[in-house]
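**Q** Sharing a sequence plus its predicted fold:
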Amino acid sequence: MKILILIFLSIVSFCTSLFAEKARVIAKSGLILRAEPKKSSTKLDKLPMGTVIDTQKDEMEEMGDRWFQVNYNGKTGWVSSQFIDFNLKDPKPQTSVGKFVQIEVGDYYHLVIEEKGETKSFFILGETEGISSQELESNSEKWKGKKIKVTWVKTKKFVPEAGGFDTLEVAQKIELVGNKK
C-alpha cells in the first residue's frame with residue numbers, strides 16, 4: 001500500500017512540475033499577490049516588476065481573467081495573468097509600418113495592417129501608447145488605408161482560447177505616419 005501511495009504522489013508531483021512555468025512580472029508598479037483568484041480578494045504582498053516566479057495551477061475568474069497560483073516570500077497566493085510574461089528575456093521591440101486594415105474584436109483586440117502586400121496582425125493586451133484600440137475600433141472607417149507604425153514585441157503568454165501557452169506579437173505603441181488625423 002505504501003508503494004502505491006508513493007507512486008501516486010510521484011505522479012502528482014511530476015504532473016504539477018510539467019505545468020509549472022516560470023514567468024516575469026511586467027507590471028511597472030508591481031503586481032499584487034492576492035489570497036484568491038479575483039481582484040476583490042485580500043492583498044497578501046506586492047511583487048516588484050522583473051520578479052521571476054514559478055506559476056502553479058491556474059483558474060479562470062468569473063469576469064474571464066486568468067489567474068495563476070504562485071509562492072512569493074513564503075506566501076501562497078494568486079496573480080493576474082495580465083501582468084506576467086512567460087518570456088523571461090526582455091523582448092526587443094520591433095516596428096512595422098503599413099496601412100490600417102481593421103481592428104478585430106473578439107476575446108482580444110487584433111490590429112490588422114497591410115505591410116508590403118502582406119497582412120500582419122498584432123494582439124492588443126491592455127493599453128497602448130499613441131492611438132488606442134478604442135479609437136481605432138470606434139472610428140475604423142476613418143483609419144482605413146491610413147499609414148500607421150506599430151511598435152511591438154514577441155511575448156509568450158498563457159492564452160486559454162489557444163489551450164495553453166502561445167507566442168504572440170503584441171502591440172505596444174500605435175502611431176499615425178505622415179498625414180495628420
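**A** On my side now, so go ahead. Numbering: from 1, shown residues only.

**Q** alpha carbons only for contacts and neighbour counts from here, please
**A** Will do.

**Q** got the residue ranges for the helices in this structure?
**A** 2-19, 133-138, 140-143 (DSSP state H).

**Q** Show me the strands in the protein, by range?
**A** 21-25, 31-34, 43-47, 52-60, 66-72, 75-80, 84-85, 94-105, 109-115, 118-124, 129-130, 147-159, 164-176 (DSSP state E).

**Q** chain center to the first one, what's the gap?
**A** Remark: strand 21-25 is offset 11 Å from the chain centroid, using C-alpha atoms, centre = their mean, to the nearest Å.

**Q** same check, this time on the last one
**A** Relative to the centre of its chain, strand 164-176 is centred 9 Å away, using C-alpha atoms, centre = their mean.

**Q** Quick one: residues contacting residue 137.
**A** Contacts for residue 137 (C-alpha atoms under 8 Å, 6 or more residues apart in numbering) come out as 102, 103, 104.

**Q** on that earlier part again, any chance of the strands of the chain in TSV, plus mean neighbour count and mean pLDDT?
**A** Shown next, in TSV, are those (neighbours: other C-alpha atoms under 10 Å; pLDDT from 0 to 100):
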stretch	mean neighbour count	mean pLDDT
strand 21-25	19	86
strand 31-34	23	94
strand 43-47	16	94
strand 52-60	18	85
strand 66-72	21	90
strand 75-80	21	93
strand 84-85	24	84
strand 94-105	18	93
strand 109-115	20	93
strand 118-124	17	92
strand 129-130	12	89
strand 147-159	19	86
strand 164-176	18	87
